[in-house]
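Enquirer: What follows is a predicted structure for the sequence shown.
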Amino acid sequence: MPATVAADEARSWRPQAFGRRAASKIDDPIVEPLWIGDRAILHAERDRVELLDEEGEPFVPDLVADVIAALAEAIRADSLVLDGYLTVQATRAQESAFLGVEAPTSGEFATQFLIGQRRRPEVADEQLPITPDAPLAFVAVDILAVDDESLLDTPLLERKRILESVLEQSELVRVGAYVRPPIDSWLATWRALGFGSLAFKASNSRYRPGRTNDAWSTAQIPAR
């Protein structure tokens, strides 16, 4: 049975870090494009929605006001703690593509991949500005708790399935897509959409807030 978690305890959680194990050594992985933006932890409880950065500090209110309003409408649970990214990837329509992705046991769902607000150092040095035509969105990639129950010891693949059920997607609220190997058919598309790296995560991995997990790894998308 999932353990009950208090809101104050959950607020101390920080994003889990990727380990140093080679991506090829990750056991039974799921693979995601590595989103371009700022890592964020979402805390939602009753009428309160908050986005915290990797240090546990709230983002500038004016910067995330529209995202928080959209999240308040999107959440389908009494309380949630999510791991994700703040990015303009979901709002740069001129660079968008809708991809049908088959998620294990959950059928096909549509998600939008676009170039993001801020490229990570391993991708590129340039920064893409936030503009009225390309506002920030929140892309959820993991769920840590729902309805005051901790999911930290729930296998990742099951967490992914739960995540899909607790958010109503919209322009500013997305659920990150993932695929299972082989991934060769996806590489050209992800590269063309501006992604430079991939996240490999063991499908059975647990979540340890603030710690490094060698069951998670990153790798650059190979050149053509």
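Expert: Cool, got the structure.
Enquirer: Torsion angles phi and psi at Ser185?
Expert: phi -70, psi -20 (degrees, to the nearest 10).
Enquirer: pLDDT weak spots in this protein?
Expert: 1, 90-134 (pLDDT under 70).
Enquirer: For Ile183, see how far away Ala3 is.
Expert: Here Ala3 is placed at a distance of 34 Å from Ile183 (C-beta to C-beta, to the nearest Å). Every residue, glycine included, has its C-beta placed from N, CA and C.
Enquirer: the more surrounded of these two?
Expert: Higher neighbour count among Ala3 and Ile183: Ile183, with 14 against 11, using other C-beta atoms under 10 Å.
Enquirer: Leaving out sequence neighbours, find the closest residue to that one.
Expert: Spatial nearest neighbour of Ile183, excluding adjacent residues (C-beta to C-beta, 6 or more residues apart in numbering): Val31 at 5.1 Å.
Enquirer: Where does that neighbour sit, in terms of helix or strand?
Expert: If you go by DSSP states H and E, Val31 is part of strand 29-33.
Enquirer: what residues does that strand touch?
Expert: The contact list for strand 29-33, computed with C-beta atoms under 8 Å, 6 or more residues apart in numbering, reads 23, 104, 113, 141, 156-157, 160, 176-181, 183, 186, 190, 193, 195, 197-203.
Enquirer: Note down every partner strand of the helix or strand just after that strand and its orientation.
Expert: The first helix or strand that comes after strand 29-33 along the chain, using DSSP H and E, is strand 38-45. With DSSP bridges as the test, strand 38-45 is paired with strand 48-52 (antiparallel), strand 79-87 (antiparallel).
Enquirer: Give me whichever of these is most buried.
Expert: Ranked by average neighbour count under the criterion mean count of other C-beta atoms under 10 Å, the strands paired with strand 38-45 are headed by strand 79-87 at a mean of 24.
Enquirer: Format the CA atom coordinates belonging to it as PDB.
Expert: Extracted in PDB, the C-alpha atoms of strand 79-87 (Å, rounded to 0.1, in the frame of the first residue of the first chain):
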ATOM      1  CA  SER A  79      -3.500  16.700  -4.300                       C
ATOM      2  CA  LEU A  80      -0.500  16.000  -6.600                       C
ATOM      3  CA  VAL A  81       3.300  16.200  -6.600                       C
ATOM      4  CA  LEU A  82       4.800  16.100 -10.100                       C
ATOM      5  CA  ASP A  83       8.200  16.300 -11.600                       C
ATOM      6  CA  GLY A  84       8.500  18.200 -14.900                       C
ATOM      7  CA  TYR A  85       9.900  21.000 -17.000                       C
ATOM      8  CA  LEU A  86       9.000  24.600 -17.500                       C
ATOM      9  CA  THR A  87       9.500  25.200 -21.200                       C
END
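Enquirer: from the chain's centre, how far out does that strand sit?
Expert: Distance of strand 79-87 from the chain centroid (C-alpha atoms, centre = their mean, to the nearest Å) equals 7 Å.
Enquirer: Could you say which helix or strand holds the residue nearest the centre of the chain?
Expert: Nearest to the mean C-alpha position of the chain, by C-alpha atoms, centre = their mean, lies Val141 at 2.6 Å. Assigned by DSSP H and E, Val141 belongs to strand 137-146.
Enquirer: Lovely, talk soon.
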